[in-house]
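>>> this is a predicted model, with the sequence first.
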Amino acid sequence: MNIRLRQDAIVRTLRRNGNSTIDELAGEVDASRRTVLRDIGALRDQGFLIHSESGRGGGVQLDPQSIQTSARLSVAEVFALLISVAAMRAAQNLPFSNLADAGLAKIEKALPADKVRDLRRILGCLHIGQLSPRQDMSNVGPIDPALLLAFETTFLQRLRLRFQYRDKKGIETSREVEPQAMLILSPLWYLVAWDPARDGFRHFRMDRISEPKCVNGSTFRRRHVPFDTDVCPYNDLRH
């Protein structure tokens, strides 16, 4: 069990049991007493209020008001939640949009300032539109999970992205582009990028991208993307 999973298990156990000894926690996560004590110290540093009492009947307790798990989310994890809500909204299929927005606002509020700054920079690259009814939907596939992590790096650091791309005829080519925006035309998702090899903007369906890798030392400038008039920036939808 890695550190993150072990610490999450400790928090869940404390919430469930109310009070646990170090030995009980060690048995729960299959780790030594020293490791558990170190994890508890790390959790306290992250903002969890964990009290301890020595002596017979003592142990450690998690303050019931300690709900700092949202601060442990990465920018990519929060971004995934936000764009999932955005996609449902774009498809006009979000029956509890007000509650979803309120919950996401609480998560964002609990994030450290540097993560909020990064999150807003990424959201500034997200656009929403409506898919043409004439679009062929017969061959839509899953999106590589590695793509979202690559996006976090390439959009924040302005690094080129290299990947394999399969076109509608099934022909695969290697591409290296300058990512400028993400476009949701639910249920299709596109990477909008400047392609230096073709000296122009290109739209890449995300479900046709594989093996994404950021290219170190390849920074680029932000360009204005000429979207159609029916495409709206995500940040405009939030107001």
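Sure, I can see it.
>>> beyond the biggest strand by length in the chain, next helix or strand please.
The strand that spans the most residues within the chain, counting by DSSP state E, is strand 172-185. Next along the chain after strand 172-185, taking DSSP states H and E as the criterion, comes strand 188-195.
>>> which secondary structure elements does that next one sit against?
With contacts defined as 3 or more C-beta pairs under 8 Å, 6 or more residues apart in numbering; DSSP states H and E, the packing partners of strand 188-195 are strand 172-185, strand 200-205. Placement of C-beta: from N, CA and C, glycine included.
>>> out of those, deepest packed?
When you average the neighbours per residue for each of the helices and strands packed on strand 188-195 (mean count of other C-beta atoms under 10 Å), strand 172-185 leads with a mean of 18.
>>> now the closest residue in space to A31 that isn't next to it in sequence: which helix or strand?
When the adjacent residues along the chain are set aside, A31 lies closest to R6, with 6.3 Å between them (C-beta to C-beta, 6 or more residues apart in numbering). Assigned by DSSP H and E, R6 falls within helix 3-17.
>>> return the residues in contact with the residue nearest to A31.
For R6, the contact set (C-beta atoms under 8 Å, 6 or more residues apart in numbering) comprises 29, 31, 35, 39.
>>> top of those residues by neighbour count?
Ranked by neighbour count (other C-beta atoms under 10 Å), those have D39 at the top, with 20 neighbours.
>>> how about it, phi and psi?
Dihedral pair for D39: phi -60, psi -40, per degrees, to the nearest 10.
>>> how near is it to V75?
Applying C-beta to C-beta, to the nearest Å, one obtains 23 Å for the distance of D39 from V75.
>>> before we move on, what about R166?
28 Å.
>>> who's more crowded, those two?
Under the neighbour definition other C-beta under 10 Å, R166 and V75 were set side by side, and V75 has more, 20 against 16.
>>> surely that one meets I122?
Yes - at 6.9 Å, V75 and I122 qualify as touching, with contact defined as C-beta atoms under 8 Å.
>>> now do the shared contacts for those two.
Common neighbours of V75 and I122, using C-beta under 8 Å, 6+ apart, are E152.
>>> show me the protein divided up by domain.
According to automatic domain parsing, the chain comprises the domains 3-68, 75-237.
>>> in a helix, L43, correct?
Yes - under DSSP: H, G, I helix; E, B strand; the rest coil, L43 sits within a helix.
>>> which ones are touching it?
For L43, the contact set (C-beta under 8 Å, 6+ apart) comprises 7, 10-11, 50.
>>> distance check, it against S52.
Separation of L43 from S52 (C-beta to C-beta) stands at 12 Å.
>>> understood, closing this out.
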